[in-house]
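**Q** build me a model:
(one chain, ligands or ions: 1)
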Amino acid sequence: YCRRSWSSESSDSVISSESGNSLYRVVLIGEQGVGKTTIANIFAGVHDSMDSDCEVLGEDTYERTLLVDGESATIVLLDMWENKSEKGWLQEHCMQVGDAYLIVYSITDRSSFERASELRIQLRRARQTEDIPIILVGNKSDLVRCREVSVSEGRACAVVFDCKFIETSAAVQHNVKELFEGIVRQVRLRRDSKEK
Ligand code: GDP
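**A** Numbering: from 1, shown residues only. Just a heads-up that it's a prediction; the model follows:
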């Protein structure tokens, strides 16, 4: 379990959720091999130069505080979709516990893109009455020559599924920070519209 702040400037001043900022539970879902764990590792700061303040308490849950639009938000990221031994129960659980979801596919694997659509439908069914923030994530954008799903297909799918869309490359750390900032903004948009 990893608790730390995102920006490198403030990496030694961990802002905890107890200080009154918002805490969001974000769940990574998607087919095996699309890059969920790699994305989670970037979030956890595994590849940062300074990861000494990263306390790991569990292998698939990470916590980090981000400053987004001048307001801090703490994300608890769950990457347990494929835990082999308890898959059925755990996937049901994942569908229930998230405040927001990142549905990940690989742009090099069309079947993972189709699986993403199925997961969107499954999620809608599981949380029928709720307007849950979702970002459709086309990962592995660095693998240009192996691309099987175009940017416009990804974008069109997100329109149909009424969610946001982003392409990332966890391998070269492109758009990953933007992804997490984006999900915080999506949660806030809904929160703000509820308050009105
Ligand atoms: P998961 O099963 O969804 O958690 O996927 P992993 O994070 O384990 O990644 C599966 C494989 O894809 C690993 O070999 C990663 O190194 C690789 N991978 C993940 N993200 C990227 C990416 O953005 N670009 C490239 N080229 N490889 C990636």
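**Q** on the three-state scheme, the residue nearest to Glu82 when sequence neighbours are not counted is what?
**A** Leaving aside its sequence neighbours, Glu82 sits nearest to Gln32 (CB to CB, 6 or more residues apart in numbering; 5.5 Å). (Glycine included, C-beta is placed from N, CA and C.) Classification of Gln32 using DSSP: H, G, I helix; E, B strand; the rest coil returns coil.
**Q** and what about Leu81, helix, strand or coil?
**A** For the record, residue 81 is Trp, not Leu. coil.
**Q** before we move on, the earlier item: burial check on the residue nearest to Glu82, number of neighbours?
**A** Using other CB atoms under 10 Å, Gln32 is surrounded by 11 other residues.
**Q** per-residue confidence at it?
**A** Looking at Gln32, its pLDDT is 94.
**Q** give the contact list for Thr38.
**A** 139, 170-171 (CB atoms under 8 Å, 6 or more residues apart in numbering).
**Q** just the buried ones from these?
**A** Buried members of the contacts of Thr38, scored by 16 or more other CB atoms under 10 Å, are 139, 170.
**Q** what would the contacts of Thr38 look like in JSON lines with pLDDT?
**A** Below are these laid out as JSON lines (pLDDT from 0 to 100):
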{"residue": "Asn139", "pLDDT": "98"}
{"residue": "Ala170", "pLDDT": "97"}
{"residue": "Ala171", "pLDDT": "97"}
